[in-house]
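Visitor: I'd like to go over a predicted model; first the sequence, then the structure.
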Amino acid sequence: DAKTTQPNSMESNEEEPVHLPCNHSTISGTDYIHWYRQLPSQGPEYVIHGLTSNVNNRMASLAIAEDRKSSTLILHRATLRDAAVYYCILRETQKASGTYKYIFGTGTRLKVLA
Amino acid sequence: DTGVSQDPRHKITKRGQNVTFRCDPISEHNRLYWYRQTLGQGPEFLTYFQNEAQLEKSRLLSDRFSAERPKGSFSTLEIQRTEQGDSAMYLCASSLVVGTRAEAFFGQGTRLTVV
């Protein structure tokens, strides 16, 4: 299973941008990069995903390095409600079946300071 | 549709007992996943269904664990002869592939405590 590496924790001030890094040096050409976050006592929640190009949605932006070995999740203005564990995940496609699964790492715990 | 539903939310059981959890995915989602999460760790993949077919099982899924999705809708995860090490949050997720979009939607989980 391909692995991702993230810092254990990060802090940000409220209403400032946050850049959450992720390394995935063993990524293969068909692996999508997904980000999920998990609030306390909740299941993980989808944030964003991409393959090669940078992506934007209403929650965040995803910047993917040209060699795809790393990516950065960008929260443009952190709020207290963004305090959560953020997981960078590689969605691995099984070559034989075309199916895929999500492999989580330990994630980055984001603390937002008021 | 209110999302992925899991029942029960909490379960306390004595060691050696059998337990069964249920997951109701989002309607029409053909893919269903089970994960296990222990404190301070990310979710660990257990197994995965495409409709009613169980396509992959993790090495974590010992012979005491069995999962079914009989009609391609809801799924059950049964743990036989529970052990204290089975204490964890059990998460279910479902997804539907549409083009390149295939995000998984997770339920709130079933927290199992084995005493």
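Guide: That came through fine.
Visitor: can you give the contact residues for the lowest-mean-pLDDT helix or strand in chain B?
Guide: Every helix and strand of chain B was ranked by mean pLDDT, DSSP states H and E. The lowest is strand B:53-57, at a mean of 89. By CB atoms under 8 Å, 6 or more residues apart in numbering or on different chains, the surrounding residues in contact with strand B:53-57 are A:Gln94, A:Ser97, A:Thr99, A:Lys101, B:Leu46, B:Thr47, B:Tyr48, B:Phe49, B:Ala67, B:Glu68, B:Arg69. In short, each C-beta sits where N, CA and C put it, glycine included.
Visitor: can you do 7 Å?
Guide: When contacts are defined by CB atoms under 7 Å, 6 or more residues apart in numbering or on different chains, strand B:53-57 is touched by residues A:Ser97, A:Thr99, A:Lys101, B:Thr47, B:Tyr48, B:Phe49, B:Ala67.
Visitor: remind me which helix or strand A:His34 belongs to.
Guide: Assigned by DSSP states H and E, A:His34 falls within strand A:32-38.
Visitor: picking that back up, and the least confident helix or strand of chain B, which strands flank it?
Guide: strand B:44-50 (antiparallel) (DSSP bridges).
Visitor: pull the partner strand out as PDB, backbone CA atoms only.
Guide: Below are the C-alpha coordinates for strand B:44-50, written out as PDB (Å, rounded to 0.1, in the frame of the first residue of the first chain):
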ATOM      1  CA  GLU B  44      -7.600   1.100   9.100                       C
ATOM      2  CA  PHE B  45      -9.100  -0.600   6.000                       C
ATOM      3  CA  LEU B  46     -11.000  -3.800   6.800                       C
ATOM      4  CA  THR B  47     -13.000  -4.800   3.800                       C
ATOM      5  CA  TYR B  48     -14.900  -3.500   0.800                       C
ATOM      6  CA  PHE B  49     -18.000  -4.400  -1.200                       C
ATOM      7  CA  GLN B  50     -19.000  -3.600  -4.800                       C
END
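Visitor: up against chain A, what does chain B have?
Guide: Counting by CB under 7 Å from any CB of the partner chain, chain B comes close to chain A at B:33, B:41-43, B:45, B:48, B:50, B:55-56, B:91, B:103-109.
Visitor: rerun at 10 Å
Guide: Counting by CB under 10 Å from any CB of the partner chain, the residues of chain B close to chain A are B:3-4, B:6, B:9, B:31, B:33, B:35, B:37, B:40-50, B:53, B:55-56, B:58, B:89, B:91-93, B:95, B:97, B:100-109, B:111.
Visitor: returning to what we had before: what's the offset of the least confident helix or strand of chain B from the middle of its chain?
Guide: Counting by CA atoms, centre = their mean, to the nearest Å, strand B:53-57 is centred 13 Å from the centre of its parent chain.
Visitor: which parts of it are buried?
Guide: B:Gln54, B:Glu56, B:Lys57 (16 or more other CB atoms under 10 Å in any protein chain shown).
Visitor: the first one and B:Tyr48, how far apart?
Guide: Read it as B:Gln54. 7 Å (CB to CB, to the nearest Å).
Visitor: doesn't A:Arg81 lie inside a helix?
Guide: Yes - under DSSP: H, G, I helix; E, B strand; the rest coil, A:Arg81 falls within a helix.
Visitor: how much space between it and A:Pro40?
Guide: Using CB to CB, A:Arg81 is found at 12 Å from A:Pro40.
Visitor: which strands and helices sit next to the helix or strand of chain A with the lowest mean pLDDT?
Guide: The weakest-scoring helix or strand in chain A, judged by mean pLDDT, DSSP H and E, is strand A:100-103 (a mean of 81). Secondary-structure packing of strand A:100-103 (3 or more CB pairs under 10 Å, 6 or more residues apart in numbering or on different chains; DSSP states H and E): strand A:32-38, strand A:84-93, strand B:31-37, strand B:44-50, strand B:53-57, strand B:88-95.
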